[in-house]
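>>> What follows is a predicted structure for the sequence shown.
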Amino acid sequence: QAPLVESGGGSVQVGGSLRLSCDASGYSGSRGCMGWFRRAPGKEREGVATIRRDATIAYADSVKGRFTISQDTAKNTLYLQMNSLKPEDTAMYYCAARGWSPYCFSASYGDWGQGTQVTVSS
């Protein structure tokens with residue numbers, strides 16, 4: 001089993017919602033930081049939201065108030081609830097994990113899932 005497996009992507013219209021899931025049950029590394037990142041066509045990968053082991057959360061300014069990151073430790077699953085989706089949210093979304101860092105959002109990550117595509121149409 002792949003260590004980090006994303007699901008929940010799809011195609012929605014502007015204003016719609018999606019919930020992404022990252023199954024980390026097969027991941028044996030440290031979960032000091034976990035996060036969601038995305039890469040839009042022709043753009044560099046960017047951070048979306050991260051959560052530290054102590055539950056400290058950080059969001060990109062572009063998604064604040066619309067996206068919510070959460071985790072269910074019992075289910076070994078990381079979530080990203082995405083509301084009020086916009087066309088500019090269209091991207092491949094990746095789950096990632098690493099050891100503890102004081103700055104999860106800007107830290108480098110070594111363990112990645114394969115991604116799930118989110119497409120928002122107007």
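Cool, the structure landed.
>>> remind me which residues of this protein are low pLDDT?
1 (pLDDT under 70).
>>> who's in contact with the most centrally placed residue in it?
The centre of the chain sits closest to residue 36, judged by C-alpha atoms, centre = their mean, with a distance of 2.0 Å. For residue 36, the contacting residues are 20, 22, 47-50, 69, 78, 80, 93-96, by C-beta atoms under 8 Å, 6 or more residues apart in numbering. Every residue, glycine included, has its C-beta placed from N, CA and C.
>>> try residue 11
Per C-beta under 8 Å, 6+ apart, neighbours of residue 11: 119-121.
>>> Out of the residues you listed, grab the one that's most surrounded.
Most neighbours among the contacts of residue 11, by other C-beta atoms under 10 Å: residue 120, with 20 neighbours.
>>> mind listing the strands for this structure?
Applying DSSP state E to the chain gives strands spanning 5-7, 10-13, 18-23, 33-39, 46-52, 57-59, 67-72, 77-82, 91-98, 111-112, 116-121.
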